[in-house]
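>>> the amino acid sequence is not available; the structure is as follows:
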């Protein structure tokens with residue numbers, strides 16, 4: 001497809017002959033669902049850069065073959081199947097697109113404060129900057145994350161400002177139902193590791209700390225309330241769509257009253273840190289990808305780089321007892337350490353598909369402290385949970401790698417999260 005077909009003729013698709021190759025390392029197709037896994041992929045750290053060599057949405061079948069793909073003219077983040085049988089796509093440049101099954105554009109929205117000159121053919125939204133995630137609510141409205149700038153509140157002369165996440169709910173015609181900042185819900189004085197990564201400076205706000213770094217919003221199927229993942233709070237929270245806090249899933253460190261009253265008691269292993277991609281299984285188990293980037297709360301030192309591990313986790317939430325029981329854990333030595341992004345989802349046959357989409361490696365084979373450095377690669381796994389919690393004995397029925405052996409620093413591939421799509425949904 002060309003930019004004109006997307007109605008994006010003012011943008012340039014940056015393709016320089018960069019080929020996408022999936023190396024299948026293990027596969028048992030008969031043990032996998034006969035559907036597709038959709039991934040948004042791009043050239044390494046494109047989510048914080050203005051250009052990329054290639055941005056592409058791919059659908060992979062149970063043998064590991066790419067059976068559908070669409071190149072996109074902007075940096076890609078979230079890509080989800082909507083309740084309306086479309087693909088909702090989050091761009092890194094403050095835009096949301098909606099694609100029909102044939103890949104054609106059927107809707108587009110942008111943050112007017114980030115795009116003051118407007119975008120032809122798109123709906124202007126009165127918000128600072130859409131980022132990371134988009135989802136559809138049961139009433140067909142869309143929910144995403146945006147941001148609000150708090151000037152001069154941080155107390156650090158090098159980082160005087162703070163960006164806080166907002167939750168925004170809106171109709172497809174651009175009517176905003178509500179937008180509320182998470183500082184109305186959580187303690188702005190609670191800080192974990194990560195707030196001084198240059199995410200917002202690279203978006204154009206110099207000296208701006210990143211207090212919460214929201215990266216996922218999904219709907220709890222039990223009651224249609226919202227589940228929000230906050231990487232820089234090492235926390236997952238449940239809120240109503242009017243902004244009332246229901247519970248907090250997090251390590252106990254740093255939570256003072258009244259927020260500590262909302263804290264779930266965790267029964268399980270090591271607390272997650274810098275997590276990504278919260279979702280649910282059919283039986284209501286909450287899944288998330290634990291990047292494990294810090295594994296500590298200040299002032300405790302972060303885990304040494306060589307000892308960091310990533311996990312896919314499952315929790316059974318009991319809201320009445322205010323408890324979260326860890327019922328599934330896969331990773332550590334069984335998964336490559338993934339410093340950012342990544343995700344896990346259930347397929348209809350009960351398997352768990354895990355995408356380690358933020359692997360970065362330096363030329364000497366070691367891992368960098370920041371995803372801003374090193375060559376990017378992706379590893380994909382599908383496992384059959386065997387019920388032996390935390391043993392890593394789940395059977396691997398698919399394992400594949402996406403990499404570019406010639407990639408240098410800030411090159412290679414990265415992605416966001418996996419999305420299951422029924423076979424026959426996408427039209428080539």
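In hand now; what should we look at? What you see is a predicted model; the values in this text were computed from it and never measured.
>>> helix, strand or coil for residue 306?
helix (DSSP: H, G, I helix; E, B strand; the rest coil).
>>> do you know how far it is from residue 365?
Taking CB to CB, to the nearest Å as the measure, residue 306 falls 12 Å from residue 365. Where you see a C-beta, it was placed from the backbone N, CA and C, and this is true even at glycine.
>>> same check, this time on residue 340
19 Å.
>>> and these two? which has more neighbours close in?
A direct count of neighbours by other CB atoms under 10 Å for residue 340 and residue 365 places residue 340 higher, at 23 against 6.
>>> what's the helix or strand for that one?
Applying DSSP states H and E as the criterion places residue 340 outside every helix and strand.
>>> same question, the one 4 residues further on
Using DSSP H and E, the secondary-structure element containing residue 344 is strand 343-346.
>>> tell me the mean pLDDT for that strand?
For strand 343-346, mean pLDDT rounds to 98.
>>> I'd like the distance from that strand to the chain centre, please.
Remark: strand 343-346 is offset 11 Å from the chain centroid, using CA atoms, centre = their mean, to the nearest Å.
>>> the residue lying closest to residue 265 once chain neighbours are set aside pairs with what?
In space, residue 265 comes closest to residue 323 once its chain neighbours are excluded; the distance is 4.9 Å by CB to CB, 6 or more residues apart in numbering. Judged by DSSP bridges, the bridge partners of residue 323 are residue 265, residue 318.
>>> need the contact list for residue 213.
By CB atoms under 8 Å, 6 or more residues apart in numbering, residue 213 lies in contact with 165, 194, 195, 199, 230, 231, 232, 233.
>>> need the max-distance pair from the residues you listed.
Pairwise distances across the contacts of residue 213 (CB to CB) peak at 14.3 Å, for the pair 199 and 233.
>>> tally of neighbours for residue 198?
17.
>>> ok, it - contacts?
By CB under 8 Å, 6+ apart, the contact set of residue 198 is residue 372.
>>> same check, this time on residue 209
By CB under 8 Å, 6+ apart, residue 209 lies in contact with 154, 156, 159, 161, 162, 163, 195, 196, 200.
>>> quick one: contacts for the residue nearest to residue 265?
By CB under 8 Å, 6+ apart, the residues touching residue 323 are 264, 265, 266, 267, 317.
>>> same question for residue 340.
274, 276, 291, 293, 358, 371.
>>> now residue 168
Applying CB under 8 Å, 6+ apart to residue 168 gives the contacts 125, 127, 130, 143, 144, 145, 146, 176, 178, 179.
>>> same deal with residue 26?
Shown in contact with residue 26 (CB under 8 Å, 6+ apart): 396, 397, 398, 399.
>>> whatever helix or strand the first one lives in: which residues count as buried?
Taking DSSP H and E as the definition, residue 396 sits inside strand 395-402. Under the neighbour-count criterion of 16 or more other CB atoms under 10 Å, strand 395-402 has 396, 397, 398, 399, 400, 401, 402 buried.
>>> before we move on, what about stretch 215-222?
215, 216, 217, 218, 219, 220.
>>> tell me the contacts of residue 322?
Residue 322 is in contact with 247, 263, 264, 265, counting by CB under 8 Å, 6+ apart.
>>> all helices of the stretch 101-250 of the chain, in order?
Along the stretch 101-250 of the chain, counting by DSSP state H, counting those that start in this stretch, helices occupy 199-202.
>>> can you give me the pLDDT of residue 13?
pLDDT for residue 13: 40.
>>> could you say what helices and strands the lowest-mean-pLDDT helix or strand in the chain packs with?
Least confident helix or strand of the chain, by mean pLDDT, DSSP states H and E, is helix 199-202 with a mean of 92. For helix 199-202, the elements it packs on are strand 208-210, judged by 3 or more CB pairs under 8 Å, 6 or more residues apart in numbering; DSSP states H and E.
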